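> Build me a model:
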Amino acid sequence: MGETMKVPSVEQRVIGSIQLVGIRESVSHARSEVRRWLGDDHPAVDDAVLAASELLTNALRHSDARPYDFVGLTVTGTDELVYVEVRDPGSAFSGPHVRREPQAEDGRGLLIVSKISQDWGVREHGRVLGRTVWCAIRAASPSPDLSTLEPVSGSAGGLGPG
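Here you go, the predicted model:
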């Protein structure tokens, strides 16, 4: 992962927030909620839906969440950026990282997130409180071409939004 980056303190508005049960079916529900919160005409809606799907899937696969634990999804925004955040219990064994095999059949979630976002990072809240993985997506930029996935550094341990 990349360097720690402090995101400037900017007033963000909460667009939507939900607690989801930690099961696979919650991912499709999350995609629907993000699309509903932003609206189909928002220029970042497709990227935000994709980011939420990838971050939530990673939380369910790689955190210490047990079936039916809760995972949080929050979308906030400014005029320039949409932030997608997923909070999970964290993991005692690993942390989020971009895999360097762009053609791999799985394990490309954060690679995709790094490609569609301006920045991404992780906020650790301690062993008991878990972590938040977040990304910042330009509110008015077109979606990038994902056919050539090359890793982009994230902000491991970054303070992220808020």
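> Please make it C-alpha for all contacts and neighbour counts, starting now.
Noted.
> What residues sit buried inside the helix or strand containing residue 48?
Under the criterion of DSSP states H and E, residue 48 resides in helix 45-62. Using 16 or more other C-alpha atoms under 10 Å as the burial criterion, the residues of helix 45-62 that qualify are 45-60, 62.
> tell me the mean pLDDT for that helix?
Across helix 45-62, pLDDT averages out at 92.
> how many other residues sit next to residue 11?
Per other C-alpha atoms under 10 Å, the neighbour tally for residue 11 reads 12.
> quick one: it from residue 81, how far?
11 Å (C-alpha to C-alpha, to the nearest Å).
> follow-up on the earlier one: would you mind pulling up the elements that the helix holding residue 48 packs against?
Counting contacts by 3 or more C-alpha pairs under 8 Å, 6 or more residues apart in numbering; DSSP states H and E, helix 45-62 is packed against helix 25-38, strand 70-77, strand 81-88, helix 109-116, strand 131-138.
> Name the surrounding residues that touch that helix.
Outside helix 45-62, the residues that touch it by C-alpha atoms under 8 Å, 6 or more residues apart in numbering are 22-24, 27-28, 30-32, 34-35, 38-39, 65, 71, 73, 82, 84-88, 90-91, 94, 109-110, 112-113, 116, 133-135, 137, 143.
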